[in-house]
Structure formats: structure tokens, C-alpha cells
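Asks: sequence first, predicted model second:
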Amino acid sequence: MSIIERYAANPILTKDDIPYPVATVHNAAVTKMKDEYIMLFRSHKLNGRSIIGIARSDDGFNFKPGPRPFMEPVGVGLFSEYEEYGVEDPRITYIDGEYLITYSAYSRHGVRIGLARTNDFSDIERVGFVTEADHRNVVIFPEKIDGMYVCLNRPHTDIIPWSIWISYSPDLLFWGRSELLIKPLSYHWDEMKVGPGAPPIKTDKGWLHIYHGVFSTMDGSVYRLGVALHDLKNPAKVIGVADEWILEPEKEYERTGYVHNVVFSCGAVPEPDGTVKIYWGGADTVMCVGVAAIADLVNLCLEKTRPPK
Ligand code: BMA
């Protein structure tokens with residue numbers, strides 16, 4: 001039996017549900033605003049560049065998309081220069097009464113991370129860029145720790161396999177004190193690269209972090225999901241990284257599509273009953289959801305571990 005139970009009616013959102021022309025619906029951030037689930041999903045437009053749409057749900061499974069895109073590259077100022085090729089893979093963190101949205105901004109200068117904020121998912125304010133080029137997958141912790149904002153991120157480098165780092169900020173704009181926490185492990189399912197997935201979830205045993213890992217095969221790359229647990233007071237301390245993946249492309253909607261053999265998560269919603277709804281893009285084409293017991297994921301990090309780096 002799988003540690004994540006796939007929702008029987010997956011995929012939960014596809015291009016056919018969207019009232020404007022898109023080729024894909026994937027890699028969505030999901031959060032709860034009062035009793036409503038809000039999903040920000042990535043779509044390829046028909047020119048191959050990405051935008052972000054919004055969908056809402058009462059139960060976390062049945063989502064109704066909004067009539068128009070939520071975020072598109074803006075045409076003015078610094079943002080126009082750095083978002084020219086599209087906005088991708090959002091993450092949402094609710095902290096101090098507002099929702100922070102991090103996203104990958106692509107341009108002729110590479111990929112970097114933009115930060116936006118909203119109180120209500122109708123008005124959105126772009127705050128700034130929080131990295132230079134060659135960073136993706138920034139997830140912000142839902143609490144400040146010792147007065148600092150904390151994030152996990154993933155710089156690109158030719159020197160080592162792409163790894164998960166931690167950084168701190170007093171004001172959300174300036175980030176530093178960076179340290180490498182989790183590296184791909186040779187001859188392992190995540191040996192090619194790892195990257196933060198969903199923003200970390202607070203549990204009594206530590207911060208639970210769902211990440212993605214990539215393995216290269218003769219048939220292309222396979223994207224899977226894994227879990228790690230970070231110390232509550234000092235998240236730079238990795239308590240355990242599970243040796244086994246928690247989800248791999250198995251279903252047709254994960255194995256075939258825009259990019260084959262991909263499950264990629266940007267969001268998970270913990271529920272009061274001790275479960276977590278995990279959202280993932282299938283084959284960069286559709287959105288899917290599954291449910292896991294938080295305790296099972298935590299135990300996997302504690303009981304079957306591999307070295308973090
Ligand atoms: C990564 C990113 C993700 C995508 C994945 C699989 O490099 O581009 O957005 O889901 O590849 O194609």
C-alpha cells in the first residue's frame with residue numbers, strides 16, 4: 001500500500017476545465033483561506049510560456065477555476081524585464097496575517113525568484129526579487145524563527161548536483177546565512193537533483209518538508225517526491241531524510257503528458273484530523289491530489305533514513 005492515497009477522481013484539474021486557452025494545468029500551490037481552499041496553478045499558454053491561474057474549492061478536491069489568469073508577466077518596471085518569458089511553479093505561505101507567494105520568473109537573464117503578497121487573493125502586490133539568477137523552488141516557512149523569516153531554496157551550479165539550501169531574512173527581501181542541507185545521493189532515486197517542494201508543515205516532531213528528487217535514466221528523467229524532517233527550533237538541523245520516495249509516477253496521467261514521468265509538488269495542506277492533502281502536477285499536464293497521515297510521513301523520516309549530504 002502506498003503511503004499517499006491518490007484521490008480516486010484524479011486528475012482534479014485539467015486544461016479542459018480552464019475558461020481561457022492553456023495547454024497544461026500543473027505544479028500548483030494550495031492554501032486554506034478561512035474554510036476555502038485556494039489553488040494557484042501553472043499553465044503553459046499555447047506559445048509555451050507559463051502563467052498562473054487561480055481555482056477555489058470547498059473540500060480541497062473539487063476546484064473551480066477563475067475566469068481569467070491570476071498572475072501574468074507584468075509589462076512595467078523591473079518585473080517586465082525579469083518575467084518576460086513567464087511565471088512558474090508558485091508556492092504560498094500564510095504568515096503574520098498575509099499570504100506570501102514565491103514564483104519562478106523566467107527571462108533572457110535566466111530564472112530567479114519573485115515574491116508577491118496578498119491578503120485576499122484578489123489584489124496582489126509584487127514585493128521584489130529575492131534571488132539573483134539560477135535559483136528555483138523557494139519555500140518560506142509559515143513562522144518566523146528567532147525573529148527571522150526562513151526559506152529553503154535550490155541554487156543551480158555546475159560544480160555539485162543541485163541541492164537544497166536554507167536561508168534567513170529579517171525583511172523578506174534580503175536573504176543570507178545560507179547553508180546547504182540536503183544533497184542528491186549517488187545511485188539513489190534522487191541522485192540527479194533535489195529541490196524544495198511544498199512549504200514546510202509544523203509537526204510535534206519537526207518541520208515536515210516534501211521535496212522532489214530526480215533520477216536520470218536512458219528513457220529521460222523521473223521526478224518523484226520524498227520527505228525530510230527539520231528541527232523545529234533550528235531548521236538547518238536535518239533530523240532525517242527518508243530513504244524511500246513517497247510518490248512516483250505510476251498512473252497514466254503521471255507517466256504521459258507534456259513531460260513524461262513527473263510528479264512535482266508545490267503545495268500541501270495539513271488538516272486538523274492529522275492528515276495532509278498533498279497536491280502535485282502529473283506529467284507537467286494535470287493537477288492531482290492525495291492524502292497521507294502526517295505521522296506516517298514523519299515516521300518514515302525517523303525510521304528509514306539516508307544521509308542528508
Ligand atoms: C523542472 C521544472 C518543473 C517541472 C519539472 C519536470 O525543472 O521545470 O517546473 O515540473 O522540471 O518537467
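Replies: Thanks, I have it.

Asks: buried sites along the helix or strand bottoming out on mean pLDDT in the chain?
Replies: In the chain, no helix or strand scores lower on mean pLDDT, DSSP states H and E than helix 77-82, which sits at a mean of 93. Residues 79, 82 are the ones in helix 77-82 that count as buried (16 or more other Cβ atoms under 10 Å). Backbone N, C-alpha and C define where each C-beta goes, glycine included.

Asks: and the next helix or strand past it?
Replies: Per DSSP states H and E, the first helix or strand lying C-terminal to helix 77-82 is strand 86-95.

Asks: show me how far the helix or strand that comes right after that next one is from its chain's centre.
Replies: Sequence-wise, the next helix or strand downstream of strand 86-95 (DSSP H and E) is strand 98-107. Relative to its parent chain, strand 98-107 has a centroid offset of 11 Å by Cα atoms, centre = their mean, to the nearest Å.

Asks: so what strands line up beside strand 98-107?
Replies: strand 86-95 (antiparallel), strand 110-118 (antiparallel) (DSSP bridges).

Asks: now distance to S265 too, for those, in a markdown table please.
Replies: Putting the strands paired with strand 98-107 into a markdown table (distance: least, Cβ to Cβ, whole Å) gives the following:
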| stretch | distance to S265 |
| --- | --- |
| strand 86-95 | 10 |
| strand 110-118 | 17 |
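
Asks: just put these in JSON lines and tack on mean pLDDT, distance to the ligand and mean neighbour count.
Replies: Formatted as JSON lines, the strands paired with strand 98-107 follow (pLDDT from 0 to 100; distance: least, Cβ to the nearest ligand atom, whole Å; neighbours: other Cβ atoms under 10 Å):
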{"stretch": "strand 86-95", "mean pLDDT": "98", "distance to the ligand": "5", "mean neighbour count": "23"}
{"stretch": "strand 110-118", "mean pLDDT": "98", "distance to the ligand": "9", "mean neighbour count": "20"}
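
Asks: now what about stretch 106-116, what contacts it?
Replies: Stretch 106-116 has contacts (Cβ atoms under 8 Å, 6 or more residues apart in numbering) with 49-50, 71, 79, 81-88, 100-105, 124-136, 138, 153, 172-173.

Asks: please enumerate the helices of this structure.
Replies: Counting by DSSP state H, residue ranges of the helices within the chain are 77-82, 252-255, 294-303.

Asks: for those, which one sits closest to the ligand?
Replies: With Cβ to the nearest ligand atom, the closest approach to the ligand among these belongs to helix 252-255: 11.3 Å.

Asks: returning to what we had before: hey, C-alpha coordinates of the least confident helix or strand of the chain in PDB?
Replies: Extracted C-alpha coordinates of helix 77-82, given in PDB (Å, rounded to 0.1, in the frame of the first residue of the first chain):
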ATOM      1  CA  GLY A  77       9.500  48.200 -14.300                       C
ATOM      2  CA  LEU A  78      12.000  45.700 -13.200                       C
ATOM      3  CA  PHE A  79       9.300  42.900 -13.300                       C
ATOM      4  CA  SER A  80       8.800  43.300 -17.000                       C
ATOM      5  CA  GLU A  81      12.500  42.700 -17.600                       C
ATOM      6  CA  TYR A  82      12.700  39.600 -15.400                       C
END
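
Asks: packing partners of that helix?
Replies: strand 98-107, strand 110-118, strand 125-129 (3 or more Cβ pairs under 8 Å, 6 or more residues apart in numbering; DSSP states H and E).

Asks: switch the cut-off to 7 Å
Replies: Where contact means 3 or more Cβ pairs under 7 Å, 6 or more residues apart in numbering; DSSP states H and E, helix 77-82 is packed against strand 98-107.

Asks: what comes up buried for the strand it packs on?
Replies: 99-107.

Asks: which one of those is nearest to the ligand?
Replies: Of all the buried residues of strand 98-107, S104 has the smallest distance to the ligand: 7.4 Å, by Cβ to the nearest ligand atom.

Asks: let me see the contact set for the residue nearest to P249 when sequence neighbours are not counted.
Replies: Nearest residue to P249 in three dimensions, chain neighbours excluded: N261, at 4.5 Å (Cβ to Cβ, 6 or more residues apart in numbering). Applying Cβ atoms under 7 Å, 6 or more residues apart in numbering to N261 gives the contacts 220, 222-223, 249, 255.

Asks: which PyMOL command selects the buried ones in those?
Replies: Selecting the buried subset of the contacts of N261 in PyMOL, with 16+ other Cβ under 10 Å as the burial test, is done by:
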select buried, resi 222+223+249+255
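
Asks: OK, contacts around the closest residue to A295 other than its chain neighbours?
Replies: Spatially, and ignoring its direct neighbours in sequence, A295 is nearest to G274 (6.4 Å; Cβ to Cβ, 6+ apart). Contacts for G274 were tallied using Cβ under 7 Å, 6+ apart; they are 293-295.
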